[in-house]
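A.B. asks: Sequence first, predicted coordinates after that:
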Amino acid sequence: MTTLKIHNIETAPEASKALLETSKKAYGMIPGLHGVLAESPQIFEAYQTLHQLFTDTSFNAEELTVVWQTINVEHECHYCVPAHTGIAKMMKVDDAITEALRNETPLANPKLEALRTLTLIITRNRGHVSQEELDAFYAAGYGEKQVLEIILGLSQKVISNYTNHIANTPVDAAFKAFSWSKEKV
């Protein structure tokens, strides 16, 4: 099992201290992921920038959650699935959506299911998508802009999911109640 150092404001490289202060103000704590990312101010800043850019897309809270959790579950991120479960609750996303995503079951809302499906295809196939798959996404009411926004969300999640795998980041106390592991078939 691998681990990486989890920084606090005192131990972080100078260029990461302000970023950690921002995290502490925003969340009332320093999330473990942020403490790990602090080792490299560049990746930490990139992650925070991508997060802000993704939350500023055309997606609403439910759609943001669908993209994040679909990727988190596919990447089997032991840290991000519980964290985004808690975040979804804070964003007032219906628990039924979160549970379906965590359990990899189809979503009841056809438009959200189309978003989940294309996000999963893009993630699994490393961006290789057929015209038929795109057409199904467009038929659900999305457009080319949302295809690109999924890629933006995936970019953010690659940073967090891969970092958490390598760092074996412990789930923050605030999210332990939402612990998760992928069921093996």
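C.D. replies: Sure, I can see it.
A.B. asks: can you count the residues close to D135?
C.D. replies: When counting by other CB atoms under 10 Å, one arrives at 10 neighbours for D135. The C-beta positions use only the backbone N, C-alpha and C, and glycine is treated the same way.
A.B. asks: Quick check: buried residues in the particular helix or strand that has it in it?
C.D. replies: Assessed by DSSP states H and E, D135 sits inside helix 131-139. By neighbour count with 16 or more other CB atoms under 10 Å, helix 131-139 contains the buried residues 133, 137.
A.B. asks: For it, which helices and strands make contact with it?
C.D. replies: Packing partners of helix 131-139 (3 or more CB pairs under 8 Å, 6 or more residues apart in numbering; DSSP states H and E): helix 110-124, helix 144-167.
A.B. asks: Not counting the first one itself, show me its contacts.
C.D. replies: It stands for helix 110-124. The list of residues contacting helix 110-124 from outside it, by CB atoms under 8 Å, 6 or more residues apart in numbering, reads 62-63, 66-67, 70-71, 74-75, 97, 101, 106-107, 129, 133-134, 136-137, 139-142, 146-147, 150-151, 153-154.
A.B. asks: now do the last one
C.D. replies: The contact list for helix 144-167, computed with CB under 8 Å, 6+ apart, reads 2-4, 6, 33, 36-37, 43, 46-47, 50-51, 53-54, 57-59, 64, 67-68, 71-72, 75, 77-80, 115, 118-119, 122-123, 127, 129, 134, 137, 169.
A.B. asks: Can you give the distance of that helix from its chain's centre?
C.D. replies: Counting by CA atoms, centre = their mean, to the nearest Å, helix 144-167 is centred 7 Å from the centre of its parent chain.
A.B. asks: what is the orientation angle of that helix with helix 110-124?
C.D. replies: 50 degrees (axes from the mean of the first three to the mean of the last three CA atoms, to 10 degrees).
A.B. asks: Send over helix 144-167 as CSV, restricted to the C-alpha atoms.
C.D. replies: Output in CSV follows, covering the C-alpha atoms of helix 144-167 (Å, rounded to 0.1, in the frame of the first residue of the first chain):
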residue,chain,number,x,y,z
GLU,A,144,-21.6,19.6,-28.1
LYS,A,145,-20.8,22.0,-25.3
GLN,A,146,-21.8,19.4,-22.7
VAL,A,147,-19.6,16.8,-24.4
LEU,A,148,-16.6,19.1,-23.8
GLU,A,149,-17.8,19.9,-20.3
ILE,A,150,-17.8,16.2,-19.4
ILE,A,151,-14.1,16.1,-20.5
LEU,A,152,-13.4,19.1,-18.3
GLY,A,153,-15.0,17.2,-15.3
LEU,A,154,-13.0,14.1,-16.2
SER,A,155,-9.8,16.2,-16.2
GLN,A,156,-10.5,17.3,-12.7
LYS,A,157,-11.4,13.8,-11.5
VAL,A,158,-8.2,12.2,-13.0
ILE,A,159,-6.2,14.4,-10.8
SER,A,160,-8.1,13.6,-7.6
ASN,A,161,-8.8,9.9,-8.3
TYR,A,162,-5.3,9.0,-9.4
THR,A,163,-3.8,11.0,-6.5
ASN,A,164,-6.0,9.3,-4.0
HIS,A,165,-5.1,5.8,-5.4
ILE,A,166,-1.4,6.6,-5.1
ALA,A,167,-1.6,8.4,-1.8
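A.B. asks: Noted, bye for now.
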